[in-house]
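# sequence unknown, structure follows:
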């Protein structure tokens with residue numbers, strides 16, 4: 001079928017170019033952060049600044065996050081095998097989830113430490129703190145600019161690494177502001193207050209990435225797509241009577257997948273309907289990896305499976321209750337057509 005070539009064209013190449021750019025961006029960012037991590041850790045201990053040490057803590061998590069994301073991109077690029085038909089693409093989502101959870105834990109630790117320091121703020125070597133925090137800020141700006149060249153919009157893995165660096169950048173700004181306040185007015189309480197504010201901001205970003213990663217791992221529908229709208233559009237195609245067993249999920253960032261059954265009018269050729277459905281899915285919803293089963297009134301289903309796998313659709317399969325599971329595959333194969341990208 002001529003339509004199949006459509007799935008492998010420019011979009012696929014663009015996906016690979018995006019991955020290449022992301023990999024380069026992650027590697028350069030990792031090297032920048034790793035170098036300045038050492039500087040800031042030593043500086044944090046020498047100046048006794050929580051803001052600076054928390055910033056160094058972020059930098060350590062940044063370095064680990066970038067390294068993890070880099071490893072994930074490497075594994076995700078491996079070709080599919082007989083045992084893993086999607087390859088290791090989900091590795092990127094696991095990396096994003098790990099990064100998100102790590103950020104949440106670091107935020108909680110800084111929040112707690114800052115809260116304890118509020119009542120008895122220790123003295124901080126503010127001058128040195130300002131200098132070191134400024135160096136850290138420059139490193140974070142450089143890393144963030146490099147990461148922006150990667151696919152931060154569509155790739156949750158790269159975005160999680162970018163958020164790590166952005167959170168760290170906020171930490172550096174906070175440390176500089178705190179350093180100036182302590183140097184000018186002797187307000188040592190500024191150190192824990194700024195640490196807490198930065199921790200809350202990081203927590204919000206981390207929560208979003210964690211939530212998105214969990215949704216992907218739970219095979220939830222992509223947030224950019226309205227499943228009801230997809231179902232309505234398919235059901236309005238000429239010759240389609242009903243849509244059921246519709247499932248949309250994300251394999252990895254930028255790779256959405258769909259399966260569904262279309263019940264069509266009896267004696268209607270199935271290939272034109274299949275082509276219409278595939279064109280609609282790509283044009284209106286950007287889904288290029290779809291598997292569609294075409295059925296008519298002679299198609300029989302097992303009485304349990306369809307009902308078990310649908311959430312809110314009425315399947316009207318009650319008349320099938322007398323049939324055994326053995327009849328599931330009795331229907332002629334010409335009613336079933338698939339498209340694989």
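Received the coordinates, thanks. Just so you know, these numbers come straight off a predicted model, no measurement behind them.
# how many other residues sit next to residue 286?
13 (other CB atoms under 10 Å). For glycine as for every other residue, the C-beta is placed from the backbone atoms N, C-alpha and C.
# state the distance from it to residue 195.
For residue 286, the distance to residue 195 equals 42 Å [CB to CB, to the nearest Å].
# same check, this time on residue 250
Going from residue 250 to residue 195 by CB to CB gives 35 Å.
# how about residue 145?
Counting by CB to CB, the gap from residue 145 to residue 195 is 25 Å.
# who has more neighbours out of the two?
Counted by other CB under 10 Å, residue 145 and residue 195 do not tie: residue 195 has more neighbours, with 28 against 14.
# now do the SS call for that one.
helix (DSSP: H, G, I helix; E, B strand; the rest coil).
# burial of residue 106, as a residue count?
21.
# close enough to count as contact, it and residue 61?
Yes. Contact criterion CB atoms under 8 Å: residue 106 and residue 61 qualify, at 5.4 Å.
# touching both of those two, which residues are there?
Common neighbours of residue 106 and residue 61, counting by CB atoms under 8 Å, 6 or more residues apart in numbering, are absent.
# and residue 257, what element?
strand 255-264 (DSSP states H and E).
# quick one, helices of the stretch 51-200 of the chain?
Per DSSP state H, counting those that start in this stretch, the stretch 51-200 of the chain carries helices over the ranges 91-118, 126-147, 156-185, 190-217.
# now do the buried residues in stretch 271-286.
Residues of stretch 271-286 classed as buried: 273-274, 276-278, 280-282, 285 (neighbour count, 16 or more other CB atoms under 10 Å).
# which ones among these are found in helices?
Residues of those located in helices (DSSP state H): 273-274, 276-278, 280-282, 285.
# turn these into TSV, columns for distance to residue 38.
Shown next, in TSV, are these (distance: CB to CB, whole Å):
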residue	distance to residue 38
273	62
274	59
276	60
277	56
278	53
280	55
281	50
282	49
285	47
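# pick the one among the residues you listed closest to residue 170.
residue 285 (35.6 Å; CB to CB).
# and the closest one, how far is that from residue 66?
Relative to residue 66, and taking CB to CB, residue 285 is found at 33 Å.
# ok, what's across the strand from residue 247?
For residue 247, the beta-bridge partners are residue 259 (DSSP bridges).
# identify the residues contacting it.
219, 258-260, 309.
# low-confidence ranges in the stretch 51-200 of the chain?
51, 54-55, 57-58, 151 (pLDDT under 70).
# what's the closest of the buried residues of stretch 271-286 to residue 23?
residue 282 (27.0 Å).
# what is the burial count for the spatially closest residue to the closest one that is not a sequence neighbour?
Distances taken as CB to CB, 6 or more residues apart in numbering place residue 288 nearest to residue 282, at 5.3 Å, with adjacent residues excluded. Here the number of neighbours of residue 288 (other CB under 10 Å) works out to 21.
# one more: residue 224?
Neighbours around residue 224, by other CB under 10 Å: 10.
# and the pLDDT at it?
Here the pLDDT value assigned to residue 224 is 85.
# do you know how far it is from residue 243?
To residue 243, residue 224 is 20 Å away according to CB to CB.
# isn't the residue nearest to residue 282 up against residue 258?
No. Using CB under 8 Å, residue 288 makes no contact with residue 258, being 9.5 Å away.
# separation between the residue nearest to the spatial centre of the chain and residue 126?
Residue closest to the average C-alpha location in the chain (CA atoms, centre = their mean): residue 156, at 3.0 Å. Distance, residue 156 to residue 126, using CB to CB: 39 Å.
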